[in-house]
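Student: how would this look folded up:
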Amino acid sequence: MLASSLSFPPEDGSAPPVYFDANPLSDRHLTGIGRYAARLALAMARLRTVRFFSRNQVIEPPEGLDWTQDQDLGTWARRLMQGERKPLGTPPSGSIGVWPMLRPIERSFDHEVSILHDLTPLLLPQTHKEVTRSHFQGLCSKAVLSSDIALAVSYSTAADASWLAAIDPDRIVVAQSGPSLCVDHHVQTGAARRRPDVGLVVSTLEPRKNPEFLFNWFHSSTVLPARAELWWVGSIGWLTSKRDLKQFERRRGSQRRIRFLGVVTDAALCKLYRSVGWSIYPSLYEGFGFPVLDSLRHGTPVLASYNSSLREFDSPGLHFFDPCDAVTVDAAWSALAASQPVNIPREPLDGQFSWHNVARVLLDSCRQTDSRANASNAAA
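Tutor: A predicted model of the protein is given here:
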């Protein structure tokens, strides 16, 4: 059992296990949904025995696998996925199955939970490939009905699911995500010196993240320093190519520079957040918005789109703009610059955005489902 290899015992090791679909962990860059699955599984391991499965197989974790939050998640996931595989068989009575992304119609566990991150393939179809739109149509119209609970990562996603998904809205619960990076402490411990002239973007390069708008604003803005730099961390995603980026790195008549850093380690990203002067997130629509939370928790002020789940963030150092209007980005950046230096307290953020809370909400929701079922059976 997995519990025997934990560096800490789960609070209720005698309770049935929680099984996580491991497929999102196979993403070699482990961004977004993969990071969510890893963070929630590591938090859940403090409360229950956790196991991972892929299709009809259980993945046995390698001996000595680290179960603490603050490590390089990409390395952790690769080690986990190399574990020995055994037949899933019949899970113990009362087990919970967690589907961090898409799920099949068939059930495998007594309790099943679907995680709803965002429904943008249906809301902004032009920003996704046809195959992705098709998968989400199937999830919302059929597959999600096989789950007892749909756990939404934000109130915005829950509201979208209430009319886009076929599941009863009473079965949708909300647990705002915890941070993507540096949950308990900084993974990069050395000193970092701020560079006010450098802005940071952390995101996959894909249309919904609105990169072309951002790049055009950056080169043409009249309020940014003449030699400002913009650093983009993230992989090249769908509907985008390296050729698309070349035209934006430098622009004739502009002394500003955009640097594409690709995928970096957690330690390198921690240092970047603590080194840049500001970050920006011009997304057209978000299910949650890890980069906004991560930036604020590292003391870095943020410019962010005022839409979807991003409106649920409220903190000193956060300045909103319209992601279709460059004039509002200028105004937000000017307000950010005028407010320096800014103190961004961690305590309110950690109180609102906690992986422990997500794990608790998931378990409590499954218990409530049990209670309702028992009451219904008793009444019958």
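
Student: you'd agree residue 10 is in a helix?
Tutor: No. Membership of residue 10 in a helix is not supported by DSSP: H, G, I helix; E, B strand; the rest coil, which gives coil.

Student: Now do the helices in the stretch 101-250 of the chain.
Tutor: 120-123, 130-141, 155-164, 211-220, 242-249 (DSSP state H, counting those that start in this stretch).

Student: could I get those helices as a markdown table with distance to residue 45, mean pLDDT and mean neighbour count?
Tutor: Bear in mind the C-beta positions are built from the backbone N, C-alpha and C, glycine included. Conversion of the helices of the stretch 101-250 of the chain to a markdown table gives the following (distance: least, Cβ to Cβ, whole Å; pLDDT from 0 to 100; neighbours: other Cβ atoms under 10 Å):
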| stretch | distance to residue 45 | mean pLDDT | mean neighbour count |
| --- | --- | --- | --- |
| helix 120-123 | 30 | 96 | 19 |
| helix 130-141 | 27 | 95 | 16 |
| helix 155-164 | 25 | 97 | 19 |
| helix 211-220 | 36 | 94 | 19 |
| helix 242-249 | 39 | 71 | 12 |
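
Student: Compile those helices into TSV and extend it with columns for distance to residue 18.
Tutor: Formatted as TSV, the helices of the stretch 101-250 of the chain follow (distance: least, Cβ to Cβ, whole Å):
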stretch	distance to residue 18
helix 120-123	27
helix 130-141	21
helix 155-164	21
helix 211-220	37
helix 242-249	40
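
Student: Ok, which of those helices comes nearest residue 15?
Tutor: Evaluated over those, closeness to residue 15 peaks at helix 155-164, with 26.7 Å, by Cβ to Cβ.

Student: For the closest one, name the packing helices and strands.
Tutor: strand 111-116, helix 120-123, strand 149-152, strand 172-174 (3 or more Cβ pairs under 8 Å, 6 or more residues apart in numbering; DSSP states H and E).

Student: Quick one: work out the angle between it and strand 111-116.
Tutor: Interaxial angle, helix 155-164 versus strand 111-116 (axes from the mean of the first three to the mean of the last three Cα atoms, to 10 degrees): 110 degrees.

Student: so how far is residue 252 from residue 130?
Tutor: Distance of residue 130 to residue 252, computed by Cβ to Cβ, to the nearest Å: 36 Å.

Student: what do you get for residue 88?
Tutor: Residue 88 is 59 Å from residue 252, by Cβ to Cβ.

Student: What helix or strand is residue 303 located in?
Tutor: strand 302-305 (DSSP states H and E).

Student: Tell me which other helices or strands that strand touches.
Tutor: Judged by 3+ Cβ pairs under 8 Å, 6+ apart, the packing partners of strand 302-305 are strand 276-281, helix 290-297, strand 318-321, helix 326-338.

Student: Show me the one of these that comes nearest residue 51.
Tutor: helix 290-297 (25.5 Å).

Student: same for that closest one, what does it pack against?
Tutor: Using 3+ Cβ pairs under 8 Å, 6+ apart: helix 290-297 touches strand 195-202, strand 276-281, strand 302-305, helix 347-352.

Student: can you list the weak-confidence ranges in this protein?
Tutor: 1-9, 12-13, 238-239, 244, 247, 370-380 (pLDDT under 70).

Student: related to what we said a few turns ago, which of residue 88 and residue 252 has more neighbours?
Tutor: Counted by other Cβ atoms under 10 Å, residue 88 and residue 252 do not tie: residue 88 has more neighbours, with 17 against 5.

Student: how much space is there between the more buried one and residue 58?
Tutor: In terms of Cβ to Cβ, residue 88 sits 5 Å off from residue 58.

Student: Domain ranges for this structure, per the record?
Tutor: In terms of domains, the chain is parsed into 2-178+354-379, 195-352 (source: automatic domain parsing).

Student: now the last one, how far from the centre of its chain.
Tutor: Meaning domain 195-352. 16 Å (Cα atoms, centre = their mean, to the nearest Å).

Student: and if you look at stretch 94-114?
Tutor: Chain-centre distance of stretch 94-114: 20 Å, with Cα atoms, centre = their mean.

Student: Do I have it right that residue 301 meets residue 343?
Tutor: No. With contact defined as Cβ atoms under 8 Å, residue 301 does not reach residue 343; the gap is 10.5 Å.

Student: And the two? Which one has more around it.
Tutor: residue 301 (25 against 7).

Student: just checking, residue 318 touches residue 296?
Tutor: Yes. Under the criterion of Cβ under 8 Å, residue 318 makes contact with residue 296 at 6.6 Å.

Student: Tell me the residues that contact both of those two, please.
Tutor: Overlap of the contact sets of residue 318 and residue 296 (by Cβ atoms under 8 Å, 6 or more residues apart in numbering) consists of residue 302.

Student: And these two? Which one has more around it.
Tutor: Between residue 318 and residue 296, counted using other Cβ under 10 Å, the more crowded position is residue 296 (26 against 19).

Student: if I pick that one, what's in contact with it?
Tutor: Contact analysis of residue 296 by Cβ under 8 Å, 6+ apart lists 302, 313, 315, 317, 318, 344, 349.

Student: If you rank those residues by neighbours, which is first?
Tutor: Compared across those, residue 302 has the highest neighbour count, 27 neighbours, by other Cβ under 10 Å.

Student: That one and residue 294 touch, don't they?
Tutor: No. With contact defined as Cβ under 8 Å, residue 302 does not reach residue 294; the gap is 9.4 Å.

Student: In terms of secondary structure, what does the helix or strand encompassing residue 37 contact?
Tutor: Using DSSP H and E, residue 37 sits in helix 33-44. In terms of contacts (3+ Cβ pairs under 8 Å, 6+ apart), helix 33-44 is packed against strand 18-21, strand 50-54, helix 73-81, strand 111-116, helix 355-379.

Student: Tell me which other helices or strands the third one touches.
Tutor: Helices and strands touching helix 73-81, as assessed by 3+ Cβ pairs under 8 Å, 6+ apart, comprise helix 33-44.
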